[in-house]
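Colleague: Provided below for reference: sequence and predicted model.
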Amino acid sequence: MSRCTGRPRRWIAAGLVLAAACGERPVAELPAARLRPWVVATAVDLAGVNELVAPNVRFTAEVLDLLFLGLVEEQPDFAEHPPSFAPALAERWEVSADGRAMTFHLRADARWSDGHPVTARDVEFSLRAQRAAEVAWPYADSKRVVAALEVLDERTVRFLLEAPGPYRLVDVNDGHVLPAHAWGDIPFAEWRGAANRFRERLATSGPYRLAAWQPGLELELEPNPTYAGPGPAPDRSVIFRVTPDPAALVERLLAGEFDFADGLSPLDAERVTRAARLRLLASAARQYDCIAWNLRRPPFDDPEIRRALTLAIDRQQLVDALWRGRARVAAGPVPSDVWARDPELAPWPYAPAEARAILARRGFADRDGDGIVERQGRPFAFELTTNSTNRLRADAAVLIQEQLLRVGVRATPRLLEINTLTELNLAGEFDATLMGWGIDTTLDFRPYFHSHEAAEGWNFIGYASAEVDRALDDARAAPTALATREPLVRLQRLLHVEQPYTFLWEPPRLAAVRADIAGAEITPLSAFASLPRWRAPARP
Amino acid sequence: MTDAGGAGREVALGAGLLAALALAALVGGALWPHHPDRSLDPAVAALARPGARFVAVELTDGRRLAAEHVEVDGDRLRLVGGGRERLVRREELADPAAAGSVVRFWLGSDRYGRDVAARLLAGARLSLGVGLSAVAVALALGVPIGLAAGLARGGRATALVALIESAQAFPRLFLLVALAAVVRPSAWILVLVLGATGWMPVARLVRAEARRIGAADYVLAARAGGVGGVRLALRHVLPNALAPVVVEASLGLAGAVAAEAALSFLGHGAPPPAASWGRLIADGRDLLSVAPWISIAPGIALGTTLVGCNLVAEGLRDRFDGRGIARARRAAPRAE
Amino acid sequence: MTAFVARRVVAGLLLLWLVLTATFALLHLLPGGPGALSEDPRVPASQRLRVRAALGLDRPLAERYVRYLAATARGDWGISFARQRPVAELVAEAAPHTVTLAGAALGLEFLLGVPLGALAARRAGRALDHAVRALALALWSMPAFWLGLALLLALAVEWPLLPAGGIASPAAASWPVLARLGDALAHLALPALALGLPAAAATARFARAVLLESASEPFALAGRARGLRPTALFLRHTLRPAGAPLVELAGLSTAGLLSGSLTVEVVFSRPGLGRLAYDALESRDYPVLLAVTAAVAAAVVLAGLAADLAQAALDPRSRTRERHD
């Protein structure tokens, strides 16, 4: 249509005005090799360029992965064995024999986007910032294992660890390496107000650098000319366009405005599969959803009753109805595609008759004919809370209500705003809550199930089991990652019998990409990591 | 069209519509064969078009399966539908003699295979009830405050106006989130919230009318004659100020339902699985291009309610307001 | 008149203080603290406390309130927790988008609503009147968030006539002024329609009622008796006296449009105040929430003041009243 820019127009109204004004415009100066940027839809905006002070929202973390590098990069290959790590800023590293020292050798050709070399000084600065009290990085605890850092020369650092352990590399690698020369002279006390300065002085080490950012609207990343690897250099820029309304996002995606969109709902995914122009990408999400029972409130303190409730919930129907079959019924906290999963573990079946029998054995019966069972005059009724903005969970709560009614249990869904929900959960003021947990690389389940975490931590259900505590302690004390498998299998079996949570499903991650783009894929770790490898057939 | 006759016909038509709606709200739910909250096999019967037909088979464990058609295969049934086949043994059936029953979704089904028509009927009671109550609360608060603000003088007037404006400026969403944290949602809370956030427009309109009428000669005369504040307001100002307020009130019902829809959209409306019209509109909105009937049906129901309310309101006003349209029309030039 | 304005300004400031205090109290009653810290199990309780300290949230409530008031009076609106930028910057970036949207919707509401209402009033009782009323009712029963998506589907997706979101086209910064203006209007069209059409419907009904009312007043009949032509009669003796309640409607519409802009801003990806407040609520970004509340409250007060002044100008009788106040 219009020749003034290379881009096809979408709307006639402005086009008419444009056509009138076109004659006056200078011919656009497009370099011959400049390719049309990828356009990616995102529901949220970038929260900030400095990960230590910006809220850790998933989108921000994934974009910062494109801008910054860490010492090493975790690979999404955790299906058969603990994840492996590939070189990133460090081209090689060694662990001392006693496991207390880790030495990293940085690449010689690693550069910041403004030309300065990446040196050991940057690593040292990053560690200092991560541990600074005024910066108050939420994940600073992962650096407690680091006793000291030695700078051996320009490109060699040695981390001295308090104690060896199976996942020390993960802890040491947590957080990217930040530019000391650009951000070093901003006092830590001012970091929580200095977003503008961080942006002005931004220097990146990853495959992209920041080209333009209109807050709330668009974010443009362009290929970083000083990027030397690892991994290929991208061949064009990428624009992230903020589209907060999910329904509008899908419509615009199907109309062809976007090349990629992540976080699709199952219904959207179906529409994408029917669209010739788009291809559906699916991957595991390394997450599970569950109902967390408040074990401090009877009758949830009785494991037999919890098992009955699990038997009474048709989880397969939930997966079919909500996820259109794209998810898997969960059997425990370790998803089925993670190496430490107990291969013999299968989810409890749907057996409402047995559930009713268990309830009867425990003294529940419907004596007043209202369809709800009672015990000692008290009906089996409870409130099932979940967060109001997650459509799937809200709908699941309604379906679960229907299912539990068939065995005489009344569950009343209650939707709460996310912060409120979290506070109430942490305070133990809930009956049962429908929620989801993400799985950490280190497969650390202590926060949720260890009795020591019941008072102040995330074990807000109040679970206390000596055997589970032992399994968790054994996993933490294991010398290697592989050695954590046995205690984790034990853990899974115990949780299967005790059902402190009713495990519901393992959701997928669903994304759509333009069908003619090669090299696009998503992994449980990142939706955007493959961006530098995307290639389109020869057409700008 | 004679004036009295026209007004009378309007009222009759409006009242008829409202009566039909009220009837549907009160007994429709009981008479309609489908339950609003029971889902029918979402994998097969979800997002069915209006008029779609399925065969429903109930199992002993309480599940309901749906199929487009059923074939008998010895002692088993083959359920064909949703792109797949399932085999069910006769022993699993709740009613082994039958091969399922026919189910028809006259207004289609939602994303969980629930009958839209049933939900519409169930929602009528909640929405109409909540909407009318919310309007009543808004009027009960807004009319007195507006009258007082319009007729008062000096500091009192300013204070009342400040009250109205600060209520309007207060962020409603925070209030909702805070309230939801503390109180379990229910229809009454919804009525209070909608009424408490809807009285301000009424108050401002009444205030404007009261100021205008308060400056009229007959009111000044009454004041000079010693008629006191409340009596002045009620006997001399209110009856004349009512005309636009009556129109506003009849629209207020739609406003209340739309507000409830917006609340449901943000997650704070009627608690699930309540099928209020607002919730239906909010739920159906995301599916607008694949299943528009889910949100259009409640929209039409709402529109019909509005038409009924409005006809009644305007008809009554025309009838009882001596200086109303009748005289205006008589005064208008013939050429029109 | 000046006494009146002065009194209203003082009342407005008082109101602002009241609303801010109430919001401050309410925010701190809301469960949950700033944002994404709350839900991540990798963040131990001790670290959460440290973050709260870094944000200044560990001081007693009364002290924070006083500090907040003092800073606000100085013009320092604080730093956003979620974005680590000065709040004044964020509000200044977002406000124009909301103001243009609300302004366009208000304009649409009156430019469409009043003529339609007048048309229906003049042809009262006839087919056109019924048609206008029916149309208005149909529009009024469509909530803005639904209408927004429907318009998006119809006019931006099915037939790509208008842009589906944002405030400007990419690369629009390098276009000449006229093209940029047209581009901005094109991006404003759908959101303004979504917000303004239901409001226009309500205004049309209201205008009709008020016009019929004033058409039956004695002065209108007197004008007719004097032999005024229909148009002059309409403009001077029907429309103008009806101006007062219509202006009042404009004043309160502004408040309604400002708060209604949230859903429309979400659907059409406009980074305005509504979205800013909504995101800030989710991340419990207190400084931003307080600043947006103040901005909206100020706008409501100004709109009310403007409406009252316009009323006084339009209806001479109310001026007499004011002198007695």
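Modeller: Nice, I can see it. Since the model is a prediction, treat every value here as computed from it, not as a measurement.
Colleague: what helix or strand does the closest residue to A:Trp348 other than its chain neighbours sit in?
Modeller: Closest residue to A:Trp348 apart from its sequence neighbours, by CB to CB, 6 or more residues apart in numbering or on different chains: A:Thr310 at 5.1 Å. All C-beta spots, glycine's among them, are computed from the backbone N, C-alpha and C. Using DSSP states H and E, A:Thr310 maps to helix A:303-312.
Colleague: ok, back up a step: what's near enough to touch the residue nearest to A:Trp348?
Modeller: If you count contacts by CB atoms under 8 Å, 6 or more residues apart in numbering or on different chains, A:Thr310 has them with A:Trp348, A:Gln499, A:Thr502, A:Phe503.
Colleague: What sits closest to whatever residue of the stretch 251-400 of chain A ends up closest to chain B if chain neighbours are left out?
Modeller: The stretch 251-400 of chain A approaches chain B most closely through A:Ser388 (2.9 Å), counting by CB to the nearest CB. Spatially, and ignoring its direct neighbours in sequence, A:Ser388 is nearest to B:Gly267 (2.9 Å; CB to CB, 6+ apart).
Colleague: As CSV, could you dump the C-alpha coordinates of whichever helix or strand comes after the helix holding A:Thr310?
Modeller: Helices and strands here follow DSSP H and E; after helix A:303-312, the next one along the chain is helix A:315-323. The C-alpha coordinates for helix A:315-323 follow below in CSV (Å, rounded to 0.1, in the frame of the first residue of the first chain):
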residue,chain,number,x,y,z
ARG,A,315,-9.1,-34.5,38.0
GLN,A,316,-9.2,-36.0,34.6
GLN,A,317,-12.4,-34.3,33.9
LEU,A,318,-10.9,-31.0,35.1
VAL,A,319,-8.0,-31.5,32.7
ASP,A,320,-10.4,-32.3,29.9
ALA,A,321,-12.8,-29.5,30.6
LEU,A,322,-10.3,-26.7,31.5
TRP,A,323,-7.2,-27.6,29.6
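Colleague: so how far is helix A:315-323 off the chain centroid?
Modeller: Centroid separation between helix A:315-323 and its chain, computed with CA atoms, centre = their mean, to the nearest Å, is 22 Å.
Colleague: do stretch A:409-418 as well
Modeller: Worked out by CA atoms, centre = their mean, stretch A:409-418 lies 25 Å from the chain centre.
Colleague: With stretch C:136-156 instead?
Modeller: For stretch C:136-156, the distance to the chain centre is 18 Å (CA atoms, centre = their mean).
Colleague: Ok, stretch A:443-455 next?
Modeller: Offset of stretch A:443-455 from its chain centre (CA atoms, centre = their mean): 20 Å.
Colleague: That stretch and chain C, are they touching?
Modeller: Yes - contact of stretch A:443-455 with chain C (CB under 8 Å from any CB of the partner chain) involves A:Pro447, A:Tyr448.
Colleague: For the residue nearest to the spatial centre of chain A, give its distance to chain B.
Modeller: Note on chain A: the residue nearest the mean C-alpha position is A:Arg58, at 5.7 Å, using CA atoms, centre = their mean. Distance of A:Arg58 to chain B, computed by CB to the nearest CB, to the nearest Å: 21 Å.
Colleague: Low-confidence stretches in the chain?
Modeller: Looking at chain A here, since you left the chain open. For chain A, the stretches with pLDDT under 70 are A:1-33, A:538-540.
Colleague: not what I meant, chain B
Modeller: Using pLDDT under 70, chain B drops low at B:1-7, B:181, B:229, B:243-244, B:247-248, B:317-336.
Colleague: can you list the domain ranges for it.
Modeller: Domain ranges of chain B: B:4-26+B:115-331, B:42-105, per automatic domain parsing.
Colleague: re earlier: mind listing what's buried along the helix holding A:Thr310?
Modeller: Buried residues in helix A:303-312, counted by 16 or more other CB atoms under 10 Å in any protein chain shown: A:Ile305, A:Arg306, A:Arg307, A:Ala308, A:Leu309, A:Thr310, A:Leu311, A:Ala312.
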